[in-house]
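Student: here is a sequence together with a model predicted from it:
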Amino acid sequence: MAQLDMFGGNGNDNTFPKTGLNKITNGEFIYLPNFFSKSESDFYLKALTEKVLWKQESMNIYGKNIDFPRLTAWYGDNDKPYSFSGITLSPTPWNDEILAIKNKIEPESKVVFNSVLLNRYRSGSDSISWHTDAEKELGKNPVIASANFGETRKFQLRHRITKEKLEIELKHGSVLIMQGELQHFWQHQVPKSSKPLKERINLTFRVIL
């Protein structure tokens, strides 16, 4: 899986990804591996598991309803629904824990978010396939901030034209902020794993126009 050949602007530093701003072809992201302390991360993992109104969504494929391989939830301002994969989600009002996470991330992203999509990966069998967050309601060059709690999972990026790939292991308490042209040129996924993995909860904060 290609890494350093797509990684620019770091001189002789071969670390990938580095903490802070990482510039890649047609995009950039901010990587903050220890943004939340372990105690904060443990607290949020437990609170989100217990308090979020998780749903098993499905999509219709050739006349059959197929369950998403994960649980999802959509929280945010009450006038900001979100449509993807043939479904439309109406927002649940913010809860205290999600607002606290949002408020801590916003100074780093320099964006005030109005919505968040939560994904709950119950085991290594849960996943999300290649996609972009480039729906028209997200606007041009959207900023997407991803907070991660629980099991470390591989997060993969694939350039839509060159097919080059990057891989980041997102661990408990890490934050990844995708910005610039990234959503228009790069797909991303969390692949399945045959390893006996524990739960992971991911929050992707965004602005719905």
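Tutor: Thanks, I have it.

Student: going by C-alpha atoms from here, please, whenever you check contacts or count neighbours.
Tutor: Fine.

Student: any idea which helix or strand comes after the least confident helix or strand in the chain by mean pLDDT?
Tutor: When the helices and strands of the chain are scored by mean pLDDT, DSSP states H and E, strand 7-8 comes last with a mean of 40. Sequence order places strand 20-24 as the next helix or strand after strand 7-8, per DSSP states H and E.

Student: now stretch 146-162: buried residues?
Tutor: Across stretch 146-162, burial judged by 16 or more other CA atoms under 10 Å covers 146-154, 156-159.

Student: got it, and stretch 187-195?
Tutor: Going by 16+ other CA under 10 Å, stretch 187-195 has these buried residues: Gln187, His188, Gln189, Val190, Pro191, Lys192.

Student: those into a markdown table, with extra columns for distance to Arg70?
Tutor: A markdown table is the format used below for those (distance: CA to CA, whole Å):
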| residue | distance to Arg70 |
| --- | --- |
| Gln187 | 19 |
| His188 | 16 |
| Gln189 | 13 |
| Val190 | 11 |
| Pro191 | 12 |
| Lys192 | 11 |
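
Student: if we can go back for a sec, got a markdown table for the buried residues of stretch 146-162, with distance to Ser85, pLDDT and secondary structure too?
Tutor: Compiled in a markdown table, those are given as follows (distance: CA to CA, whole Å; pLDDT from 0 to 100; DSSP: H, G, I helix; E, B strand; the rest coil):
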| residue | distance to Ser85 | pLDDT | secondary structure |
| --- | --- | --- | --- |
| Ser146 | 20 | 99 | strand |
| Ala147 | 22 | 99 | strand |
| Asn148 | 23 | 99 | strand |
| Phe149 | 25 | 99 | strand |
| Gly150 | 26 | 99 | strand |
| Glu151 | 26 | 98 | coil |
| Thr152 | 26 | 98 | coil |
| Arg153 | 23 | 98 | strand |
| Lys154 | 22 | 98 | strand |
| Gln156 | 20 | 98 | strand |
| Leu157 | 19 | 98 | strand |
| Arg158 | 19 | 98 | strand |
| His159 | 21 | 98 | strand |
